[in-house]
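> Fold the stuff below for me.
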Amino acid sequence: MTGYRLNRRLLLTAGSGVFGITVLNTLTGCSEPRKQTPEPAGTSASAATGGRLDWRRVDLDFVAVYLLVRGGEVAVVDTGTAGSAGAVETGLKAAGLSWASVKHVILTHQHPDHAGGLAEMVPQLSATLYAGTDDVAAIDAAGKPIQAVKDGDEVFGLQMIGTPGHTLGHVSVFEPGTGVLVAGDALRNQNVLEGSAPQYTADAAQAAASVKKLAGLDVRAILPGHGRPITDGAKEALQKLAATLN
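Numbering: from 1, shown residues only. Okay, the predicted model is just below:
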């Protein structure tokens, strides 16, 4: 018998502004292909940016893709595994948008569960691609150039945070105006908030230092690559984690 899980929409507050994180309803079967039925779009005003923005989480079962919709344009953070293009397209359609709306694709790192879907998306994209300097060469972008980014760079109003350790070129994505942190695999929240999974970490010391670095940000929501978003007490949870690391 096939088991199913249904994910629903989350709402976050950021300062005096309110914005939405929309999680696509995902019907996940253990032995059947995943089907997706998106909820109505949830978009609201951000006092920090003065414009409309909407974070959307495309749940790919064990990993997530995040879409930031702002002013009719989209930044995609990570692309999931190979075969994820259809799920991402569903997320775009749920926002009333299409591949043509995607202007930026930011890859947190080179691993195939985060960058594996890129090659099949490239023919449909006119977007600029971005990844951390030390990971660019390892990513299959189907011949399309990837722009290397480093700590402190800005893309679409998003701050690139160099968080090496999980991979040497790992970057996290931070929106200062709302405090939203898309952490890639620098953080995970599958049971409790943790850092990079040791068995997949290139440099444990750098990974621990990256968690401490993230803990110094004014984080109000954590969107991890693996596990549920943290929308309440995110900064405190991150600082507590950082305090346990050497």
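> Please export the alpha-carbon coordinates of the longest helix along the chain; CSV is fine.
Assignment by DSSP state H gives helix 204-215 as the longest helix of the chain. These are the backbone C-alpha positions of helix 204-215, laid out as CSV (Å, rounded to 0.1, in the frame of the first residue of the first chain):
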residue,chain,number,x,y,z
ALA,A,204,34.2,19.7,8.9
ALA,A,205,36.1,22.6,10.4
GLN,A,206,34.9,25.0,7.7
ALA,A,207,31.4,23.7,8.0
ALA,A,208,31.3,24.5,11.7
ALA,A,209,32.8,27.9,11.1
SER,A,210,30.1,28.5,8.5
VAL,A,211,27.3,27.7,11.0
LYS,A,212,28.8,30.2,13.4
LYS,A,213,29.0,32.8,10.6
LEU,A,214,25.3,32.3,9.8
ALA,A,215,24.4,32.6,13.5
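> where does His166 fall, phi/psi-wise?
phi -60, psi -50 (degrees, to the nearest 10).
> what's near enough to touch it?
Going by CB atoms under 8 Å, 6 or more residues apart in numbering, His166 touches 109, 111, 184-186, 196-197, 200-202, 207, 210. Every residue, glycine included, has its C-beta placed from N, CA and C.
> try it again with 10 Å
108-111, 114, 172, 183-188, 195-197, 200-204, 206-207, 210, 225 (CB atoms under 10 Å, 6 or more residues apart in numbering).
> And stretch 211-224, what's buried?
211-215, 217, 219-224 (16 or more other CB atoms under 10 Å).
> Specify which member of these is nearest to Trp99.
Distances from Trp99 to those, taken as CB to CB, are shortest for Leu223 (21.8 Å).
> tell me the angle of the helix or strand in which Val173 is found relative to helix 204-215?
For Val173, the element it lies in under DSSP states H and E is strand 171-175. For strand 171-175 against helix 204-215, the angle by axes from the mean of the first three to the mean of the last three CA atoms, to 10 degrees is 0 degrees.
> mean confidence score for strand 171-175?
Per-residue pLDDT over strand 171-175 has a mean of 97.
> What strands flank that strand, and is each parallel or antiparallel?
strand 158-162 (antiparallel), strand 180-184 (antiparallel) (DSSP bridges).
> Could I get the contacting residues of Val122?
Counted by CB under 10 Å, 6+ apart, Val122 has contacts 79, 85, 105, 129, 140-144.
> let's go with 7 Å and repeat that
Residues near Val122 by CB atoms under 7 Å, 6 or more residues apart in numbering: 141-142, 144.
> quick one, which of the strands paired with strand 171-175 is nearest to Leu53?
Minimum separation from Leu53 across the strands paired with strand 171-175 (CB to CB) falls at strand 180-184, 9.3 Å.
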